[in-house]
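> Sequence first, then the predicted structure, then my questions.
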Amino acid sequence: MDMKNVAILKVFLIAVLSVTAFSCKKSSSSKNSSRATGWQINGRDGGFQYNTNFKEQETAPGLVFIEGGTFTKGRVQDDVMHDWNNTPTQQHVQSFYMDETEVTNLMYVEYLDYMKKLYPPDDELYRNIYNGILPDTLVWRNRLGYNEVMTENYLRHPAYAEYPVVGVSWIQAIEYSNWRTDRVNELNLQKNGYREISSETDPDNYFSTDRYKVDPSTYDTGETDNSRNRNVKVDADGNETGVYASMETGVIGPKYRLPTETEWEYAALGLSELRSYNLYRGRKKYPWDGQYTRNGKRKFRGDQLANFKQGKGDYGGIAGWSDDGADITNAVKSYEPNDYGLYDMAGNVAEWVADVYRPIVDDEFNDFNYYRGNVYTKNAITEEGTVKVVTSDEIVYDTLSNGRIVARNLPGEIVKVAVDENETYLRPNFDRSDNINFRDGDRRSSRYYESFGEDEDEESEKSVTRKMYNSPKHSISRDSLGNMVREYDKSNNRTSLINDEVRVYKGGSWKDREYWLDPAQRRYFPQDMATDYIGFRCAMSRVGSKSKMGAKKKS
């Protein structure tokens, strides 16, 4: 071997050894060692703590995973009603989770039972908290129909346990979602050894996820029947580590909430073997494949695929094999799910979604996670610099337009206030707390507001929007004796029922014709009122990777 080849061989060996050494160094480095500073993460000295073993978000109770993507939102079939409020737009949705079924009577009664024990209605201090979350069972009554069996039994009787809850307003659905968030996160903390729950019920110490994230030490309330009511991690020997479950631990999950209209519609359409044509291009008419409401499979041919009104005086069909199995609502999971595994995305009950209703969808401004209804808030801070927590003697109640009284905040929760100039100053993405009316045709948002004209009966600075959203303004007040005074707006100048307190609801119900089963259809209803045909289901945002496969590749 000549000297030239020997030199080449030496260079090659040096290169191999260098790569090997680098590889060994890389593989031997601990993920508990900071790549930024080299300092130890999760050390025994109680320093910086972080969950470096986190793989992906765990699917919370009752939910199924919906992988996000692009789809055509809106109606592409004939608009026979000439509403023109759901013209097709292309939207992109982030991955999220949604309830497998609508919230059932059993799920809601569990909520009522918990709140009744924590805030006894026989205590005058808490009476309106419990009464404010009760569903309106009188929605079943009909002046020319006998429906008292549902009025008296539907909510609580075990025969209806797995039927979707109705008589719940949009506001009540939001409160249920908040309660569910707190209960699930409290259980997660308990399972992971961060929290030992006391058997005592203390309204002022009600577990709030938001409050726990700000200062979990406020829940250290001393001794319980068994041992210390702890909120810190306990090691294998039962010794407290002094570590609380912060957001960095990954134990505290995202909030349960109502799905946005875009999320609901995307989830209702479901997957398909013809996804690229039917879903992406907006040719899918129902949550199932095909153009008909009856099953085409040989074994189940002719069976109805949803619970809806088939014609005048026909809520289920002729008794027997052709019947859809229900006259009013039906138990959840009575019909086949769509390809996402979601049940009753058409029929049974229509469902509340998060959005404030407007007849337009402004996709020119945003086509990503579209949602109208953002009202940004922040934690209220006391003069001492701590967050302000509601106590039992500081509960604020709101009187709704229908006279019902609901609690604005529960004891133990953090008071929320609107964001101010400290958060909005010179921001390019938002400039106010309430964004419900952004680009919806008012003087500030419209380029052609002059075409709406002036309303001589209204103040000039407010007149432009009156033509579009000139809804009745009923008022509720109390006289000097505390009696409720209801003032019904009988003005003949009102031109619309649309205002900032009407919310979108989606999907057909047991009371609707086939036309409303199309996921693209959209209607609205006052957020503080309820019916016998609107229910709801919860959703939850996905954090981290877009898909479960992405999380597996990462790990």
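Arrived safely, thanks for sending.

> How about stretch 161-168, which residues are buried there?
For stretch 161-168, the neighbour count (16 or more other CB atoms under 10 Å) marks 162, 163, 164, 165, 166, 167, 168 as buried. Glycine gets a C-beta too; all of them are placed from N, C-alpha and C.

> Who are the contact partners of the closest residue to the second one other than its chain neighbours?
If I follow you right, that is residue 163. For residue 163, ignoring the flanking residues on the chain, the nearest one in space by CB to CB, 6 or more residues apart in numbering is residue 329 at 5.1 Å. Listed by CB atoms under 8 Å, 6 or more residues apart in numbering, the contact set of residue 329 reads 163, 164, 166, 307, 348, 349, 510.

> what's the farthest-apart pair in those?
166 and 307 (13.1 Å; CB to CB).

> related to what we said a few turns ago, so which of the buried residues of stretch 161-168 are in helices?
Using DSSP state H, no member of the buried residues of stretch 161-168 sits in helices.

> so which of the residues you listed comes closest to residue 403?
Checking those one by one against residue 403 (CB to CB), the nearest turns out to be residue 167, at 15.9 Å.

> List the contacts of that closest one.
By CB under 8 Å, 6+ apart, the contact list for residue 167 reads 135, 136, 137, 138, 139, 140, 155, 530, 531, 532.

> per-residue pLDDT, the nearest residue to residue 188 once chain neighbours are set aside?
The spatial neighbour of residue 188 that comes closest, neighbours along the chain excluded (CB to CB, 6+ apart), is residue 251 at 5.5 Å. With respect to pLDDT, residue 251 has a value of 91.

> swap in residue 458?
For residue 458, the model assigns a pLDDT of 45.

> likewise residue 363?
What the model reports for residue 363 is a pLDDT of 80.

> Tell me which stretches of the stretch 301-450 of the chain form helices.
For the stretch 301-450 of the chain, the helices defined by DSSP state H, counting those that start in this stretch cover 421-424.

> Quick one: low-confidence residue ranges for it.
301-302, 321-322, 441-450 (pLDDT under 70).

> hmm, back to that, in terms of contact, does the residue nearest to residue 188 touch residue 243 like I think?
No. Counting by CB atoms under 8 Å, residue 251 does not reach residue 243; the two are 11.0 Å apart.

> Compare those two (neighbour count), which wins?
Shown here are residue 251 and residue 243; by other CB atoms under 10 Å, residue 251 has more neighbours (21 against 15).

> from the buried residues of stretch 161-168, which is closest to residue 151?
Of all the buried residues of stretch 161-168, residue 151 sits closest to residue 167, with 9.6 Å by CB to CB.

> Residue 204 versus that closest one, what's the distance?
Distance, residue 167 to residue 204, by CB to CB, to the nearest Å: 30 Å.

> re earlier: residues contacting the residue nearest to residue 188?
By CB under 8 Å, 6+ apart, the neighbours of residue 251 are 51, 188, 189, 192, 194, 245.

> roughly how far out does the helix or strand harbouring the second one sit from the chain middle?
Spelled out, that is residue 188. Here residue 188, judged by DSSP states H and E, is contained in helix 170-191. Relative to its chain's centre, helix 170-191 lies at 11 Å (CA atoms, centre = their mean, to the nearest Å).

> which helices and strands does whichever helix or strand comes after it pack with?
Going down the chain from helix 170-191, the next helix or strand is helix 209-214, by DSSP H and E. Using 3 or more CB pairs under 8 Å, 6 or more residues apart in numbering; DSSP states H and E, the elements in contact with helix 209-214 are helix 170-191.

> again, only this time at 10 Å
In terms of contacts (3 or more CB pairs under 10 Å, 6 or more residues apart in numbering; DSSP states H and E), helix 209-214 is packed against helix 170-191, strand 377-379.

> Now render these as a markdown table, adding mean neighbour count and distance to residue 209.
As requested, the helices and strands packed on helix 209-214 are exported to a markdown table (neighbours: other CB atoms under 10 Å; distance: least, CB to CB, whole Å):
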| stretch | mean neighbour count | distance to residue 209 |
| --- | --- | --- |
| helix 170-191 | 20 | 5 |
| strand 377-379 | 14 | 13 |
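
> who wins for proximity to residue 526 among these?
Smallest distance to residue 526 across the helices and strands packed on helix 209-214 (CB to CB): 8.1 Å, for helix 170-191.

> quick check: mean pLDDT across the closest one?
The average pLDDT for helix 170-191 rounds to 95.

> CA-only coordinates of that helix in PDB, if you can.
The C-alpha trace of helix 170-191 is given here as PDB (Å, rounded to 0.1, in the frame of the first residue of the first chain):
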ATOM      1  CA  TRP A 170     -76.800  28.000  25.500                       C
ATOM      2  CA  ILE A 171     -75.800  29.800  28.800                       C
ATOM      3  CA  GLN A 172     -76.500  26.600  30.800                       C
ATOM      4  CA  ALA A 173     -74.600  24.500  28.300                       C
ATOM      5  CA  ILE A 174     -71.500  26.800  28.800                       C
ATOM      6  CA  GLU A 175     -71.800  26.400  32.600                       C
ATOM      7  CA  TYR A 176     -72.000  22.600  32.300                       C
ATOM      8  CA  SER A 177     -68.900  22.600  30.200                       C
ATOM      9  CA  ASN A 178     -67.000  24.600  32.800                       C
ATOM     10  CA  TRP A 179     -68.100  22.300  35.600                       C
ATOM     11  CA  ARG A 180     -67.100  19.300  33.600                       C
ATOM     12  CA  THR A 181     -63.600  20.800  33.000                       C
ATOM     13  CA  ASP A 182     -63.100  21.200  36.700                       C
ATOM     14  CA  ARG A 183     -64.300  17.800  37.700                       C
ATOM     15  CA  VAL A 184     -62.200  16.000  35.100                       C
ATOM     16  CA  ASN A 185     -59.000  18.000  35.900                       C
ATOM     17  CA  GLU A 186     -59.600  17.400  39.700                       C
ATOM     18  CA  LEU A 187     -59.800  13.700  39.000                       C
ATOM     19  CA  ASN A 188     -56.600  13.800  36.900                       C
ATOM     20  CA  LEU A 189     -54.800  15.500  39.700                       C
ATOM     21  CA  GLN A 190     -56.000  12.800  42.100                       C
ATOM     22  CA  LYS A 191     -54.900  10.000  39.800                       C
END
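
> any idea how far residue 173 is from residue 258?
For residue 173 relative to residue 258 (CB to CB), the value is 6 Å.

> With just CA atoms, put stretch 86-96 into PDB.
In PDB, the C-alpha atoms belonging to stretch 86-96 read as follows (Å, rounded to 0.1, in the frame of the first residue of the first chain):
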ATOM      1  CA  ASN A  86     -74.600  29.500   4.500                       C
ATOM      2  CA  THR A  87     -72.900  30.100   1.100                       C
ATOM      3  CA  PRO A  88     -70.000  27.700   0.600                       C
ATOM      4  CA  THR A  89     -66.500  28.800   1.800                       C
ATOM      5  CA  GLN A  90     -63.300  26.800   2.100                       C
ATOM      6  CA  GLN A  91     -62.100  26.500   5.700                       C
ATOM      7  CA  HIS A  92     -59.300  24.800   7.600                       C
ATOM      8  CA  VAL A  93     -60.000  23.300  11.000                       C
ATOM      9  CA  GLN A  94     -57.400  22.300  13.600                       C
ATOM     10  CA  SER A  95     -57.600  18.900  15.100                       C
ATOM     11  CA  PHE A  96     -59.900  18.600  18.200                       C
END
